[in-house]
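>>> Pasting the sequence and the predicted model now:
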There are 2 protein chains.
Amino acid sequence: MPKEYPCTEPSMLHCFQPTGSLVAWYAKLLCDTVVPFQEAVLNDRVEGVPPSHAVRNFRNAAALLRGDTDRRGSFYGAVFQDSDVAKWIEAAAYSLLIKPDKALEQRLDDLCDLIAAAQEPDGYLNTHYTLNCPENKFTNLLEGHELYCSGHMMEAAAALYETTGSRKLLDIMCRNADLLYQRFITEGAPGYPGHPEVELALMRLWRASGEERYRELAEHFINVRGVDPDFYIKEAAQRSWKIWGNDPANREYQQSHLPVREQPDAVGHAVRAVYLYSAMADIAAVTGDISLKQACIRLFESIAHRRMYITGGIGSTVIGEAFTADYDLPNDTVYAETCASIGLIFFASRMLQLERNGRYADVMERAFYNTVLAGIELDGRKFFYVNPLEVIPGVSGVIPTHRHDLPQRPGWFGCACCPPNAARLLASAARYIWDRADGILYANLFVEGKLTLPETEILTETAYPFGDTVRFTILSGSTRMAIRIPAFSARNYAVSAPGEYRDGYYYLDARAGDVIELRLDMSPRINRTNTRAAANSGRGAVTVGPVVYCAEEADNSGELFGFTLQSGSLRIIPQTPAQIGGFDAAADSLGTVYTVCAQGSTLVQDDPDALYFSEGFREEAGSLKLIPYFMWGNRGLNRMRIWFPVR
Amino acid sequence: MPKEYPCTEPSMLHCFQPTGSLVAWYAKLLCDTVVPFQEAVLNDRVEGVPPSHAVRNFRNAAALLRGDTDRRGSFYGAVFQDSDVAKWIEAAAYSLLIKPDKALEQRLDDLCDLIAAAQEPDGYLNTHYTLNCPENKFTNLLEGHELYCSGHMMEAAAALYETTGSRKLLDIMCRNADLLYQRFITEGAPGYPGHPEVELALMRLWRASGEERYRELAEHFINVRGVDPDFYIKEAAQRSWKIWGNDPANREYQQSHLPVREQPDAVGHAVRAVYLYSAMADIAAVTGDISLKQACIRLFESIAHRRMYITGGIGSTVIGEAFTADYDLPNDTVYAETCASIGLIFFASRMLQLERNGRYADVMERAFYNTVLAGIELDGRKFFYVNPLEVIPGVSGVIPTHRHDLPQRPGWFGCACCPPNAARLLASAARYIWDRADGILYANLFVEGKLTLPETEILTETAYPFGDTVRFTILSGSTRMAIRIPAFSARNYAVSAPGEYRDGYYYLDARAGDVIELRLDMSPRINRTNTRAAANSGRGAVTVGPVVYCAEEADNSGELFGFTLQSGSLRIIPQTPAQIGGFDAAADSLGTVYTVCAQGSTLVQDDPDALYFSEGFREEAGSLKLIPYFMWGNRGLNRMRIWFPVR
């Protein structure tokens, strides 16, 4: 007997679909390639890709639960393998709004039936524990990823309900959430998730279901985190099994070193951190909790002012996939996991609910157009887990300190968290493009398409980020509107309608018939970094608007690492991938992008084999061709650099 | 009944003692402080320094062997703890030539008695195995360090014999070498040392004892190495114990991946590598083995042309304390172990026996004046194991990727290989300053003092490396002489006597009464690095002669990492440590050194907290004060940099 859920308000997902420019191109890639490809991988149907076994795990758990010992197979994969399925369901659900597909919808529904069959009678859902070690349930919150997997499946449930109206998975996950509530609230079991995720997911489940206990449980996990910083040490002392053997005393790794409201800096595993902060911001926005809001602002600034790459990447080291220290931002040994930048977008978008300040959208945009898009090969079939800002063939991906910094995207990963995570973000881009609160419509990102709301219809036309104009035509109705003015353009922008600027937004009243034109400063720039950031002192990175540029050997003869940029010498050259050269045919449909030509000089040494020399060299004038960073690594193994010496 | 040993020719150790300049200052520091301090540490008599237990291990082994169960204690320390004693004996032996000390000589003799008592009847000598696990002898050549410890004690024996004439330790180590010969040659046991050292030591023992079998055994270890690259895998399969669990399949780590004559590049653990290559060069020089010589030249070039820091440091990564790849030379995550540069000096000095080319002495000098001296605090009581080229407080020594790069010298180490290794090198500097072969006297390094040979007496007067003139006064006799012309001065030098230049040496005939003045180009320079070395592209490092310069915050207000050097702006300012400021009184006796004042500019950002910015900054003219790199880290925790952006 299915429950009744409150009808959620139509979200931006229903009201806006990208129809042009970069985001639409990726949305099409998502529907045509990424979602079907990942479905095939999860079902072990792609040759050459190691088996995922993720769907089969559910099948095996279902067989076990119905006592079908003939069909009972074993669990295979990481302890969080279930979450790959969850993230794919979420992405596929969103894709149905972009490209309706009855067959896919049916397969999703069948998958929900399978998940229901893999759920234990008390609501427990995790194929690893059901199949492998039911006796270990909830005994290793540090490493166990049970709450993490629950969280991702809750997000999938909310997405499926929101996009298709299907309550099947929502019912399943409400039963699961009820079990968690019973355990952690009613029975008062101690602890909180080693990998935050369920907190933000419970908030989504609360919104989808209207069940207040889910919000209560999310707040509970936030409130108890780090209050007993020794919880994981005590937990470890009570069990005799482990997964990787994470050190429970390494409290910062999982952000359990202090109560969350007292945490001064973004530390530890970067994905865990931003998932946690996302939930904190969401809860603070809902509850009005001032100390939680202050902690969110402090942690956001820790990231955005001191611990974030220019690409919006976060996590400076592979050791713990973690933040390190202020201004420690090495380019070639960086981690900058795709998932971490996705999580940063989650965090930043929730900060906008807390505080209407364009700086949050700036970070969202930086992470999106650079690290997130760079995570995806232009053919939609290969993905980066780690996103280096500098690649040295023979070093990157090879020597021990750089083994994680692959110079080319591999097909899939044993730990396949990033590909479906990128897919679900891309498929739900509308959520980050537009926002509405307190009667104000916020234009956060600039993407071509038609927005249809009860109160107004707005057509956006733009080639942004490869064009400087965004034209909003109000087709019907009226609204108070806030157009984000990106920080890069704050000193030089124009809006064709009267309004007022405040905290990164231009506020105005829009009525049917209005054509509001926003002009942004898309001149190419050389960015410098804070002088405390040792790795890039004396160097500059080229940007055009929100897009970070890099140079690859494919476009530049000679020694890429011998080039010095000349200030004030940049010129934009619009080109298609075919004109740039070397890209596969699939990429040509990307259309015209900006490339940048920079003047400068190349160091030429008389003896090319000399290692150190104070004479016998000259600077030869030359030019450098730069392409958007998100396009790198599509043309085989070669050097890549973002930060060049500058003079 | 002691054996008779052939009287070895008086070596340079007996014929030359530094009397002035930097090397003499360090020699005095060695005798007055380093040798007594290390003796106290090895005997567990220094408060605040963790117990070494190294001498006590010998006492305990001796008690066990004589059946004195009351006094039998346990072994404590690393498996190679014995080698700390050996290296100290070697250093102390040399120090007796610099500063005769009957009491020390007696204590050394007593220590030899103790070592004799800790030697097993068959010649076996290793307190770890004797005390802890006699059943494990020779079953783990990969990690066991038995041959390594034997090697260091053989070197100590040769040094003690050479400096004092005492044959006590020589007898002990000949018995030990006989046991090794019996096992590996007579009985044909397979294998070779996981940590090379015994090969070069056996060559020294051969020279001291005249026993050909020791040379044969050294050659054997060289010849079999890597011929069966699976030896360590097979060895590991036959035992059930391990020390650290080194992966026997990681063949490059211990240079067992290929027969030594076929190894193309310097790879693996850097100390192991250069100890191995030192033995190879020594053997090639003695035997005239062409393929071995070619391998040595190839491996030397691999280091000197592609894998060496400007400081003469080697080993780019802490992971395996190892070489990585060509041109991978990060400044802040570098390993550059002091011992590795000492080993590089051993290798380079032996290459000079193979090929009279100044480039080997250039590398020797580079490693000596920079990494080796930087390894020692100016008070002689603290030491660097790892020698970073850039230090960032809060990052260096703190975050996981930089934990090994300590920003200040600690008192001692659990693994105390470097301090006594630096001591034995400093104490035997004469060996690297002068050399004699085929009737030619080679002046390799320039140090004040009097050389007394049977055929000639020469007085050297110089303030080098803080002066541009080296004056050789021939007090008596005559000799064919080859004065090294360092590469930095090859295009601009003067010698006051007729002669001819060849391969980095100026050859001339010197007679009593001659005063030969060498003038070198000691102008300060900005060095660039090969453009393939990504870390330092667009950067420059200041040198004066062989000395590399660095800047510390202690001498420079403002943001050190915001400074850009201006080419052609350098000026030498001679100063004493007291004039520089901030150094302890002990350092004042160092006398006048060159500091360098460089002009340039500092990036000043309007918003000091901005992380990335393309406007709102200016370049302010300013100057930078640089000090010799070997003096860094003596004035508390602060930033340090060698490679600055340059324009």
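Perfect, thanks for sending it.

>>> Domains in chain A, by residue range?
A:1-246, A:258-406, A:438-519, A:525-645 (automatic domain parsing).

>>> and the end-to-end length of stretch A:492-509?
Stretch A:492-509 has an end-to-end distance of 22 Å (criterion: CA to CA, to the nearest Å).

>>> again but with stretch A:526-544, I slipped
One end of stretch A:526-544 sits 9 Å from the other (CA to CA).

>>> re the thing from before, tell me which of the domains of chain A sits most buried.
Compared across those, domain A:258-406 shows the largest average neighbour count, a mean of 24 (mean count of other CB atoms under 10 Å in any protein chain shown). (C-beta placed from N, C-alpha, C; glycine too.)

>>> how close does A:V85 sit to A:A54?
A:V85 sits 5 Å away from A:A54, going by CB to CB, to the nearest Å.

>>> How about A:P196?
The spacing between A:P196 and A:A54, counted by CB to CB, is 22 Å.

>>> Low-confidence regions, the stretch 51-200 of chain A specifically.
Under the criterion of pLDDT under 70, the regions of the stretch 51-200 of chain A flagged as low confidence span A:71-72.

>>> repeat for chain A
Within chain A, the stretches with pLDDT under 70 are A:1-10, A:71-72, A:412-417.

>>> Quick check: longest strand in it by residues?
Selection of the longest strand in chain A by residue count, based on DSSP state E, yields strand A:469-484.

>>> who does that one pair up with?
Using DSSP bridges, the strands paired with strand A:469-484 in its sheet are strand A:440-443 (parallel), strand A:456-462 (antiparallel), strand A:505-511 (antiparallel), strand A:515-519 (antiparallel).

>>> right, and the helix or strand after it?
Sequence order places strand A:494-495 as the next helix or strand after strand A:469-484, per DSSP states H and E.

>>> That next one packs against which elements?
Other elements packing on strand A:494-495 under the criterion 3 or more CB pairs under 8 Å, 6 or more residues apart in numbering or on different chains; DSSP states H and E are strand A:515-519.

>>> by contact count, what packs against the helix or strand that contains A:A208?
Using DSSP H and E, the element containing A:A208 is helix A:198-209. In terms of contacts (3+ CB pairs under 8 Å, 6+ apart), helix A:198-209 is packed against helix A:146-164, helix A:168-181, helix A:212-224, helix A:270-287.

>>> if we go to 6 Å?
Contacts defined by 3 or more CB pairs under 6 Å, 6 or more residues apart in numbering or on different chains; DSSP states H and E place helix A:198-209 against helix A:146-164, helix A:212-224, helix A:270-287.

>>> Close to chain B: what parts of the stretch 451-600 of chain A are there?
Counting by CB under 6 Å from any CB of the partner chain, the residues of the stretch 451-600 of chain A lying close to chain B are A:R525, A:N527, A:T529, A:N530, A:T531, A:A534, A:S537, A:G538, A:E559, A:F561, A:G562, A:T564.

>>> let's see 7 Å
For the stretch 451-600 of chain A, the contact set with chain B under CB under 7 Å from any CB of the partner chain comprises A:525-532, A:534, A:537-539, A:559, A:561-562, A:564.

>>> Now do the nearest residue to A:M640 once chain neighbours are set aside against B:R539, distance only.
When the adjacent residues along the chain are set aside, A:M640 lies closest to A:V391, with 4.1 Å between them (CB to CB, 6 or more residues apart in numbering or on different chains). Distance of A:V391 to B:R539, computed by CB to CB: 19 Å.

>>> Give me the phi and psi for A:L451.
phi -100, psi 130 (degrees, to the nearest 10).

>>> so who does it touch?
Residues near A:L451 by CB atoms under 7 Å, 6 or more residues apart in numbering or on different chains: A:C15, A:F16, A:W434, A:E457, A:I458.

>>> same thing but at 6 Å, please
The neighbourhood of A:L451, defined by CB atoms under 6 Å, 6 or more residues apart in numbering or on different chains, consists of A:C15, A:F16, A:W434, A:I458.

>>> Look up the residues forming beta bridges with it.
Assigned bridge partners for A:L451, using DSSP bridges, are A:F16, A:I458.

>>> re the thing from before, out of the helices and strands packed on helix A:198-209, nearest to chain B?
helix A:270-287 (13.7 Å; CB to the nearest CB).

>>> Show me what the closest one is in contact with.
For helix A:270-287, contacts defined as CB under 6 Å, 6+ apart pick out A:195-197, A:199-200, A:203, A:219, A:222, A:254-255, A:260, A:266, A:292-293, A:296, A:299, A:314-315, A:323, A:339-340, A:343-344, A:346-347, A:350-351, A:353-354.
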